[in-house]
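1. Coordinates for the following, if possible.
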Amino acid sequence: MKKKNLRYIQFKLKKKKEKLDQSDEYDTLVIATEWAGSICRIKNCNRGRPVNKNFFNIHGLWPNVLDDFRKSPFDCKNTKVTINTFPMDLQSSLNYYWNPMYSTADGFMNHEWSKHGTCWDPAPINYEDVPSDLKKVVKDSQGSMDDDKTHQISYFKTTIAVAQKYNVFAALAAYGIVPNTERYLHKAEILAAINSYFKISKFQIKCEKSQQSNVSYLFEVRLCLDKNYNPMDCKDLRYECPEQIIYPDYA
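-> The predicted model follows:
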């Protein structure tokens, strides 16, 4: 066997082992979404960027180690994302559901891709257990790890589909909780709505306090999923909000 062919086979075997090792490094996923109405009161959002006012903007989909999130894999490959090379329909979806808001699109997406997406293996544990409305995007993503660009596109498409399915805005609205800058909510109201809608009791909510108004705004919700994309209880539970919260209008 020629040395060149032997090196190629060794390279392919090494890559295959890396993919297997990478998949085994995490046992769950976290889907994190954030409310633009709060973000743009805390941060200096870009003007003119379209923002979906009936949807929590995506923060990311993260491979996660359930027992200790600090052991979760990150930065598994050193590759970059260039958004304007993606299909136009995906670019539009990213702008609508995963808007950078206060950074550049390439900057935000490169952070999420390099830190989290490079560690994501699209293969579920059991395809039959994947929710029916996610089966197509999960099936379409199979084999994508063999090509970096395809892997990137699959990661972003899958994340958008997952965030659409586990729509926090819809979960809150189903229990009469809608954006209202004048209304104080009890933390328990938000917890109960998410608990009832997604049938989970342990998840994470985050708030941020405005230095100008001294008000704590509902900032982000993080849900744990199994590797078949079904919601499940998190273990490392943190409700980083005070008892009184405002879920503000998007302005």
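
2. need the contact list for F55.
-> T33, Y97, A163, N167, F169 (Cβ atoms under 8 Å, 6 or more residues apart in numbering). Glycine gets a C-beta too; all of them are placed from N, C-alpha and C.

3. Now intersect those residues with the helices, please.
-> Y97, A163, F169 (DSSP state H).

4. Name the nearest of those relative to H116.
-> A163 (13.7 Å; Cβ to Cβ).

5. Give me the nearest residue to that closest one, chain neighbours excluded.
-> I58 (4.8 Å; Cβ to Cβ, 6 or more residues apart in numbering).

6. would the one you found count as being in a helix?
-> No. Counting by DSSP: H, G, I helix; E, B strand; the rest coil, I58 is not found in a helix; it is strand.

7. Tell me the most packed of the ones in helices among the contacts of F55, by neighbour count.
-> A163 (23 neighbours; other Cβ atoms under 10 Å).

8. what's the pLDDT at it?
-> With respect to pLDDT, A163 scores 98.

9. for K17, same thing?
-> 43.

10. pretty sure L29 contacts L225?
-> Yes. With contact defined as Cβ atoms under 8 Å, L29 counts as touching L225 (4.5 Å).

11. Let me have the contacts of F55 in JSON lines, extended by distance to W62.
-> Below are the contacts of F55 laid out as JSON lines (distance: Cβ to Cβ, whole Å):
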{"residue": "T33", "distance to W62": "12"}
{"residue": "Y97", "distance to W62": "16"}
{"residue": "A163", "distance to W62": "12"}
{"residue": "N167", "distance to W62": "18"}
{"residue": "F169", "distance to W62": "20"}
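
12. Need the max-distance pair from these.
-> Most distant of the contacts of F55, by Cβ to Cβ, are Y97 and F169, 11.3 Å apart.

13. Quick check: beta-bridge partners of I205?
-> For I205, the beta-bridge partners under DSSP bridges are V221, Y239.

14. now do L225
-> L29, P231.
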